[in-house]
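Peer 1: Just to be clear, the model below is a prediction. Sequence and coordinates:
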Amino acid sequence: MGAIDQLAAYFEFDEHETDFTTELIAGITTFLAMSYIIVVNPTVLLPAIMGFNSEGGLNQQTTIDGSTYSSTEVFQMLAIATIIASVVAVLVMALYAKRPFGLAPGMGLNAFFTFTVVIGMGIPWQTALAAVFVEGIIFIAITAVGAREYVINLFPEPVKYSVGAGIGVFLLFIGLQEMQVVAADSATLVTLGDIAQNPAAILGLAGLFLTFVLWARGMKGAIIVGILGTAAAGWALLLAGVSTASAIAPETLLDSQTGELTFEAVTSPHYDITPLVGAFVEGLRDVDPLTFALVVFTFFFVDFFDTAGTLIGVSQFGGFLDEDGELPEMDKPLMADAVGTTVGAMVGTSTVTTYIESSTGVEEGGRTGFTALVVAVLFALSLVAVPVVAAIPAYASFIALVAVGVIMLQGVLDVDWEDPAWSVSAGLTITIMPLTYSIANGLAAGIIAYPLVKTAIGEHDDVRLGQWAIAVALVGYFYVYTSGMLG
């Protein structure tokens, strides 16, 4: 039996009606859609370790365990830590859960780590890593006994069946912002960007419509072609002198002062990450129990519902849910993010979670753990090819999010809009996600609304006690998160 046949047997290609080529393309697509995290996560976490000077600028040097490191060296360490945490988590997903989902340190959670916990609350970054580590251990424990799966299965049906569409709108919103088609506005919060004056936005839109055309014609790998084709066009225009680097080059490769191209931050990676490894142990010393518990509580809640929403939404999109709207053996993919979060904290990065970008690979036909295995291998290879990954500009990589976001809107067809409890819960789930930039908040809004509306229409007997308990817990979470208790 050949290697491909062995892979097919192990990942059960025939049972899932897929093949090696389809899974390979799906894995490459998912990786390309989420590879931005390799340079973005270090960018977000860097201020937590470096701190700011009296003028509000980032310190260029910091001392860790008696040794001095530059901001570039710390950036490189964080990039390596990001890759290691991602590889470990995705390997668990691929080989244990056998699901086509990618994982990496989560956006939003890393910003909370840096700007709320470390900078806002004045907690040392080592202590913040300790909170992430404790969260990961808790996740491993409750996943092992089936508690996470039990709670997620309590989610109301309208919430489960609307998550996919909600994630679709969220993906659209994120993608269009990163492509600079949607821009910030002081009066209306968001508005149409200055597309005609923005080469990056023009390139992004051109690549997006190319992707849609190829997808509509049934071309396998349409999203990969869209991403790589758009990136190649951008670099061709740059090298030909048609456009400036500041207009179309990836922001991660631009000098913050001059706007010129610089590969210093992502070349010759600093592979010695021992200053970060084990730093969480130092963070466990001399902590204030109440503050530490609040930080762990918030990390726990956001990650719990972010992961749950992503798993349910992408599974619905891929047809993995059963007739009750549940993902069979959900405890296995849940264990992947629990292990990833724990290992991530040990090597120096924030909470690891399942990525909504996984839907791009599912759209390309990924149905088994081999898709995830391809993602893991590509993350591992990026250890020696960080500049290549960083060379893909945001306006190209985020094409995948917009394309899949549009496709995922078909999830609204699964909602019974004639039923008040369904329409309110589903409507809130779908809209709160993009409006608050959080999958967790959208899920929470729908979960809280469901028992209230059910009771209002005289159907309180249909509400399970566990659903009331989750709703009450989420009200408590919102109170803690919005009351200023976290600084």
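Peer 2: Ah, there it is.

Peer 1: State the pLDDT value of residue 289.
Peer 2: pLDDT, residue 289: 87.

Peer 1: swap in the one 5 residues further on?
Peer 2: The predicted structure scores residue 294 at 83 on the pLDDT scale.

Peer 1: where does it fall, phi/psi-wise?
Peer 2: phi -60, psi -40 (degrees, to the nearest 10).

Peer 1: Same check on the one 4 residues further on?
Peer 2: Backbone torsions of residue 298, given as degrees, to the nearest 10, read phi -70, psi -50.

Peer 1: Can you get me a residue count around it?
Peer 2: Using other Cβ atoms under 10 Å, residue 298 is surrounded by 21 other residues. Yep, even glycine has a C-beta here, placed from its N, CA and C like the rest.

Peer 1: One more: residue 178?
Peer 2: 21.

Peer 1: Check which helix or strand the nearest residue in space to residue 125 that is not next to it in sequence maps to.
Peer 2: Nearest residue to residue 125, sequence neighbours excluded (Cβ to Cβ, 6 or more residues apart in numbering): residue 48, at 4.6 Å. Following DSSP states H and E, one finds residue 48 within helix 37-50.

Peer 1: The host helix or strand of residue 310: which residues count as buried?
Peer 2: Per DSSP H and E: residue 310 is located in helix 289-318. Neighbour-count burial for helix 289-318 flags 291-292, 294-318 (criterion: 16 or more other Cβ atoms under 10 Å).

Peer 1: can you tell me the average pLDDT over the helix holding residue 48?
Peer 2: The model assigns helix 37-50 a mean pLDDT of 88.

Peer 1: What of stretch 129-141?
Peer 2: 96.

Peer 1: go on, stretch 73-84?
Peer 2: For stretch 73-84, the per-residue pLDDT averages 91.

Peer 1: Check for me that residue 327 belongs to a helix.
Peer 2: No - read with DSSP: H, G, I helix; E, B strand; the rest coil, residue 327 is coil and lies in no helix.

Peer 1: how far away is it from residue 312?
Peer 2: The gap separating residue 327 from residue 312 is 7 Å, by Cβ to Cβ, to the nearest Å.

Peer 1: repeat for residue 381
Peer 2: Using Cβ to Cβ, residue 381 is found at 31 Å from residue 312.

Peer 1: quick one: least confident helix or strand in this structure?
Peer 2: Using mean pLDDT, DSSP states H and E, helix 386-390 stands out as the lowest-scoring helix or strand of the chain, at a mean of 68.

Peer 1: re earlier: name the strands paired with whatever helix or strand comes next after the helix holding residue 48 and say parallel or antiparallel.
Peer 2: Where DSSP H and E defines the elements, the next helix or strand beyond helix 37-50 is strand 61-64. Strand pairing for strand 61-64, using DSSP bridges, gives strand 67-70 (antiparallel).

Peer 1: For the partner strand, buried residues please.
Peer 2: residue 69.

Peer 1: Stretch 65-81 too?
Peer 2: So stretch 65-81, judged by 16+ other Cβ under 10 Å, has buried residues 69, 71-81.

Peer 1: related to what we said a few turns ago, tell me, how many residues neighbour the residue nearest to residue 125?
Peer 2: 22.

Peer 1: Double-check it against residue 129; I have them as touching.
Peer 2: No - using Cβ atoms under 8 Å as the test, residue 48 is too far from residue 129 to be in contact (9.3 Å).

Peer 1: How about residue 463: what's its closest non-neighbour residue?
Peer 2: residue 451 (4.4 Å).

Peer 1: need the contact list for the one you found.
Peer 2: 156, 460, 463, 467-468, 471 (Cβ atoms under 8 Å, 6 or more residues apart in numbering).

Peer 1: if we can go back for a sec, now could you export just the CA positions of the helix or strand that the least confident helix or strand of the chain is followed by as CSV?
Peer 2: Where DSSP H and E defines the elements, the next helix or strand beyond helix 386-390 is helix 394-397. Output of helix 394-397 as CSV, limited to C-alpha atoms (Å, rounded to 0.1, in the frame of the first residue of the first chain):
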residue,chain,number,x,y,z
ALA,A,394,-3.5,41.8,3.6
TYR,A,395,-5.5,42.9,0.6
ALA,A,396,-4.7,39.5,-1.0
SER,A,397,-5.0,37.1,1.9
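
Peer 1: could you give me the average pLDDT of helix 394-397?
Peer 2: Helix 394-397 comes out at a mean pLDDT of 84.

Peer 1: how about it: buried residues?
Peer 2: Neighbour-count burial for helix 394-397, counted by 16+ other Cβ under 10 Å, picks out 394-397.

Peer 1: and what of stretch 271-281?
Peer 2: Neighbour-count burial for stretch 271-281, counted by 16+ other Cβ under 10 Å, picks out 273, 275-276, 279-280.

Peer 1: what's the span of that stretch from first residue to last?
Peer 2: Taking Cα to Cα, to the nearest Å, stretch 271-281 runs 21 Å from one end to the other.

Peer 1: Check the offset of it from the chain's centre.
Peer 2: 23 Å (Cα atoms, centre = their mean, to the nearest Å).

Peer 1: what's next to it, contact-wise?
Peer 2: The contact list for stretch 271-281, computed with Cβ under 8 Å, 6+ apart, reads 64-65, 67, 69, 77-78, 80-81, 84, 125-126, 129-130, 132-133, 345-349, 383.

Peer 1: run the last query once more with 6 Å
Peer 2: For stretch 271-281, contacts defined as Cβ atoms under 6 Å, 6 or more residues apart in numbering pick out 64, 77, 80-81, 126, 129-130, 133, 345, 347-348.

Peer 1: Dump these into TSV; add distance to residue 14 and secondary structure as well.
Peer 2: As requested, the contacts of stretch 271-281 are exported to TSV (distance: Cβ to Cβ, whole Å; DSSP: H, G, I helix; E, B strand; the rest coil):
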residue	distance to residue 14	secondary structure
64	51	strand
77	44	helix
80	38	helix
81	38	helix
126	49	helix
129	44	helix
130	46	helix
133	41	helix
345	39	helix
347	38	helix
348	42	coil
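
Peer 1: Now the two most distant members of the residues you listed.
Peer 2: 80 and 130 (20.4 Å; Cβ to Cβ).

Peer 1: Can you show me the helices along the stretch 201-350 of the chain?
Peer 2: Under the criterion DSSP state H, counting those that start in this stretch, helices of the stretch 201-350 of the chain are mapped to 222-239, 245-248, 279-283, 289-318, 331-347.

Peer 1: Pull out the buried residues from the second one.
Peer 2: Along helix 245-248, the positions that meet the burial threshold by neighbour count (16+ other Cβ under 10 Å) are 245, 247-248.

Peer 1: same check, this time on the first one
Peer 2: Buried residues in helix 222-239, counting neighbours by 16+ other Cβ under 10 Å, are found at 222-231, 233-235, 237-238.

Peer 1: who's in contact with the residue sitting nearest the centre point of the chain?
Peer 2: Geometric centre of the chain, nearest residue: residue 355, 3.9 Å, by Cα atoms, centre = their mean. Shown in contact with residue 355 (Cβ under 6 Å, 6+ apart): 34, 102, 104.

Peer 1: The last one belongs to a strand, doesn't it?
Peer 2: Yes - residue assignment for residue 104, taken from three-state DSSP, places it within a strand.
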